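**Student:** quick one, fold the following:
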Amino acid sequence: PHAELKLFLTDSPEVRAERRFKELLAKGENPVLKAMKNVLVNLLCTLLVIALVVAAFIARRKIVLALRNKRLSVKNPVKRIGNIYSYAEKLMKQVGVEFNTMSSRELSAFMEEKYGGIYFEQGEFAEFMKTSLYAVFSGSAPDMADVEKNNKLAKAIADNIYNRAGKLKKLYLKYILCLM
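**Tutor:** Numbers count the residues shown, from 1 in each chain. Next up is the predicted model:
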């Protein structure tokens, strides 16, 4: 430490690592075991974070579904049918339909032509639109049978979209968007 001249020789990283490995072994330490413990701790921490994220998605899904079920079962039939319509609108956005780009008649005709027989039976969407629009714009309470019919159609659309989706899309629909 008190020399006038100091010379440093550097070895390659491999040689230094081998020397350090031998030093640790001479002290009675096992560097491989220590490294494996570090890897295991990091892996367990990662798994814990993943588990927490999954739990958060599941909790969020339960909350969203409870809120949707509440909206789809309100006592006021006009509000209920409006909520069912909004849910159907969100569902159809998943297949690329934008409800606000056309009139209700155009939308009804488009939906029947393009998706009738795929996501719902022919004529069902036109009836769905007629019932929904009449209830919302007239303020008159629709017949509960009509409300249930619209609710059944929205659920059928949801089931058909989900059943036609691939695995990743199903996860997206179910846990990210919470539409199913």
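**Student:** tell me the centre residue of this protein?
**Tutor:** When Cα atoms, centre = their mean is applied to the chain, the residue found nearest the centroid is residue 176 (1.5 Å).
**Student:** show me what whatever helix or strand residue 79 lives in is packed up against.
**Tutor:** Taking DSSP states H and E as the criterion, residue 79 maps to helix 77-93. If you count contacts as 3 or more Cβ pairs under 8 Å, 6 or more residues apart in numbering; DSSP states H and E, helix 77-93 packs onto helix 31-71, helix 124-138, helix 144-164. (Each C-beta comes from the backbone N, C-alpha and C, glycine too.)
**Student:** if you set the cut-off to 7 Å instead, what comes out?
**Tutor:** Applying 3 or more Cβ pairs under 7 Å, 6 or more residues apart in numbering; DSSP states H and E, one finds that helix 77-93 makes contact with helix 124-138, helix 144-164.
**Student:** contact partners for residue 76?
**Tutor:** Shown in contact with residue 76 (Cβ atoms under 7 Å, 6 or more residues apart in numbering): no residues.
**Student:** give me the phi and psi angles of it.
**Tutor:** Main-chain torsions, residue 76, degrees, to the nearest 10: phi -70, psi 110.
**Student:** the residue nearest to the centre of the chain and residue 62, how far apart?
**Tutor:** 14 Å (Cβ to Cβ, to the nearest Å).
**Student:** okay, now the unreliable bits of this structure?
**Tutor:** Flagging of the chain using pLDDT under 70 yields the residue ranges 1.
**Student:** how many neighbours does residue 77 have?
**Tutor:** 16 (other Cβ atoms under 10 Å).
**Student:** residue contacts, it?
**Tutor:** Here residue 77 is in contact with 135, 141-142, 144, 147 (Cβ under 7 Å, 6+ apart).
**Student:** please, a PyMOL command that selects the buried ones among these?
**Tutor:** The following PyMOL line selects those of those that are buried, judged by 16 or more other Cβ atoms under 10 Å:
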select buried, resi 135+142+147
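**Student:** taking the contacts of residue 77 together, which two end up most distant?
**Tutor:** The distance between the two most remote of the contacts of residue 77 (Cβ to Cβ) is 11.4 Å, for 135 and 144.
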